[in-house]
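Student: Fold the following, please.
(one chain, ligands or ions: 1)
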Amino acid sequence: MSKQHIETQAARGGINIDQHHGAVVAPLHLSSTYSLKGFNEKRDYDYSRTGNPTRATFGQTVAELEEGTTGIVTSTGMSAVHLLLQLVSVGDKVVIPHDCYGGSYRLFTFLAKKGNFELIVVDQRDEQALAQALATKPKLVLIETPSNPLLRIVDIQAISAKAKAVGALVAVDNTFLSPVIQKPLLLGADIVFHSTTKYLNGHSDIVGGVLVTKDQTLGEELAWWANCIGITGSAFDSYLALRGLKTLPLRMARHQENAINVAEFLASHPAIEQVYFPGLTNHPQHELAQQQQNGFGAMLSFELKGGVAAVKALFANLSLFTLAQSLGGVESLISHPSTMTHAGMDLDAQIAAGISQSLVRISVGIEHIDDIIADLSQALEYSQQA
Ligand code: PLP
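Tutor: Numbering: from 1, shown residues only. Got it, this is the predicted structure:
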């Protein structure tokens, strides 16, 4: 049979794998431990930190969607990032983008301060700065595209090729788009990872992570570390995430359709200074996004005229949008990156990354577009008066 479409792969993740009872949906295995058949005769699983059937099914399904070999499910998105860092040793160099997720930035900078590795922070759109960073022969290059929260896009294929040429491993945070919209392993990356807390689960009711490798040996090495340091994900979260994953392509289609409408509405609104959304033709990397992505995602951010006072008035008057961290759930969320998602970055780093006090980030949900626009429209009137 020819390779299945992603809608089929997602909907059929774990279907019909139960050999014992013929359960159609992959069962939830909560047991922490598994009996041996006899002396030194192990079954497929022995202890749930090391391996769990429900977690394995979720990991394999994501690996299939990302077109990799091995899917390692972790307890959070941050533990997936931490797992990556088991690949580097004291003295190795690690290159990260200056505008990555605040929690990732915090982890990289604090571990580098402890001397675990040398950190090089660059604007990866700046070819010269990137070339200088790569000239130091790093062990690992992290890419996050679109970036959080300014939705900047970098060329995964070009950066991966340059990083490979100096012997670096390339890992891409694909949390903002999901494999429905972007497949970094097909563009030359070695590793792709997600906070499954976001789109993959899609219902804001778990925290989790997953890391997929292209190469099986690298996958085995990382799976070994995940067990060794004890950061594998729970069976119950894997069960929920596998359930959420089945509708991922459907959800992404609706998320994206709503997002382009919201971006266009905001771009023409007098209360707004600037909108950051790769789907708008005036986005500086609009063409690159068209090339490497299958759509533009549903995350956007914008600068309000009127500074923090305008932001406060907007937040106080929204009723459909929830003021909360996180993204990728079916419900629309709004946040203030400087004091929320990126509070882990000091103010200087925020300024260097272009995160201002009047920047607002939206995760566009799958509600009816008319209700989303109506809520934004009435609340923006208050922010204009602030
Ligand atoms: N990567 C990105 C792009 C994120 O937005 C987040 C969380 O917001 C993470 C990683 C970390 O994931 P988690 O919160 O599940 O640990």
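
Student: pretty sure residue 59 contacts residue 69?
Tutor: No. Here residue 59 does not reach residue 69: they are 10.9 Å apart, not a contact under C-beta atoms under 8 Å. Where you see a C-beta, it was placed from the backbone N, CA and C, and this is true even at glycine.

Student: For residue 193, the count of nearby residues, please.
Tutor: Counted with other C-beta atoms under 10 Å, residues neighbouring residue 193 total 27.

Student: I should have written residue 343 there, sorry.
Tutor: Other residues close to residue 343 by other C-beta under 10 Å number 16.

Student: repeat for residue 195
Tutor: Other residues close to residue 195 by other C-beta under 10 Å number 29.

Student: re the thing from before, so which of residue 59 and residue 69 has more stuff around it?
Tutor: Just comparing residue 59 and residue 69: by other C-beta under 10 Å the higher neighbour count belongs to residue 59, 27 against 18.

Student: Quick check: phi and psi on that one?
Tutor: The phi/psi pair for residue 59 (degrees, to the nearest 10) reads phi -60, psi -40.

Student: Please name the spatially closest residue to it (chain neighbours excluded).
Tutor: Counting by C-beta to C-beta, 6 or more residues apart in numbering, the nearest residue to residue 59 once its immediate chain neighbours are dropped is residue 71, at 3.3 Å.

Student: Is there proximity between the host helix or strand of the one you found and the ligand?
Tutor: Residue 71 belongs to strand 70-74 when elements are defined using DSSP states H and E. No. Under the criterion of C-beta under 6 Å from any ligand atom, strand 70-74 makes no contact with the ligand; the nearest approach is 8.7 Å.

Student: Tell me which helix or strand comes right after that strand.
Tutor: Counting by DSSP H and E, the element after strand 70-74 in chain order, helix or strand, is helix 77-84.

Student: right, is that next one up against the ligand?
Tutor: Yes. Using C-beta under 6 Å from any ligand atom, helix 77-84 comes into contact with the ligand via 77-78.

Student: helices or strands up against that helix?
Tutor: Counting by 3 or more C-beta pairs under 8 Å, 6 or more residues apart in numbering; DSSP states H and E, the packing neighbours recorded for helix 77-84 are strand 70-74, helix 102-113, strand 191-195, strand 209-213, helix 216-229.

Student: then it to CSV, C-alphas only?
Tutor: Provided in CSV are the C-alpha atoms of helix 77-84 (Å, rounded to 0.1, in the frame of the first residue of the first chain):
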residue,chain,number,x,y,z
GLY,A,77,8.1,19.9,26.5
MET,A,78,11.0,21.2,28.7
SER,A,79,12.1,17.7,29.6
ALA,A,80,12.3,17.0,25.8
VAL,A,81,14.6,20.0,25.5
HIS,A,82,16.6,18.8,28.5
LEU,A,83,16.9,15.3,27.0
LEU,A,84,18.5,16.9,23.9
